[in-house]
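S.K.: got a structure for you, letters missing:
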């Protein structure tokens, strides 16, 4: 499962798979939600990068990251792999504060 692929959950929420591809044998995947700006909390610098997904601005809400069963992530609908450094920086901010 490619890292940074975007999936739609059963509830309709967009999720970014942030887990390393080398850990594909695990039954879970570490994901962070992509929320439309209108539904997202107040953005924090570096913690919440903004991406254009299907012509609409979405915020990566890093602080809402969680694990889901791998089986819940069906078919990827987009990829944010080109924004790898922004996503890693957001998790660095969440975990180390820098």
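M.R.: That came through fine. As the structure is a computational prediction, the values presented were derived from the model and not from experiment.

S.K.: Where do the helices of this structure begin and end?
M.R.: Ranges of helices in the chain, per DSSP state H, are 84-96.

S.K.: Can you tell me the centre-most residue of it?
M.R.: For the chain, residue 16 is the residue whose C-alpha lies nearest the centre (Cα atoms, centre = their mean; 2.8 Å).

S.K.: what separates that residue from residue 87, distance-wise?
M.R.: When distance is defined by Cβ to Cβ, to the nearest Å, residue 16 is 7 Å away from residue 87. Any C-beta I mention is one placed from the backbone N, CA and C, and that applies to glycine too.

S.K.: what residues do those two have in common as contacts?
M.R.: Residues touching both residue 16 and residue 87 by Cβ atoms under 8 Å, 6 or more residues apart in numbering: 4, 32, 60, 80.

S.K.: hang on, the last one packs against residue 51?
M.R.: In this case it means residue 80. Yes. Look at residue 80 against residue 51 with Cβ atoms under 8 Å: they come within range, at 6.0 Å.

S.K.: what sits against residue 15?
M.R.: Residues in contact with residue 15 (Cβ under 8 Å, 6+ apart) are 6, 7, 8, 9, 31, 32, 33, 34, 68, 73.

S.K.: Can you pull the phi/psi pair for the residue of the chain most remote from its centre?
M.R.: When distances are taken from the C-alpha mean of the chain, residue 25 lies farthest, 19.6 Å away, according to Cα atoms, centre = their mean. Per-residue torsions, residue 25: phi -80, psi -10 (degrees, to the nearest 10).
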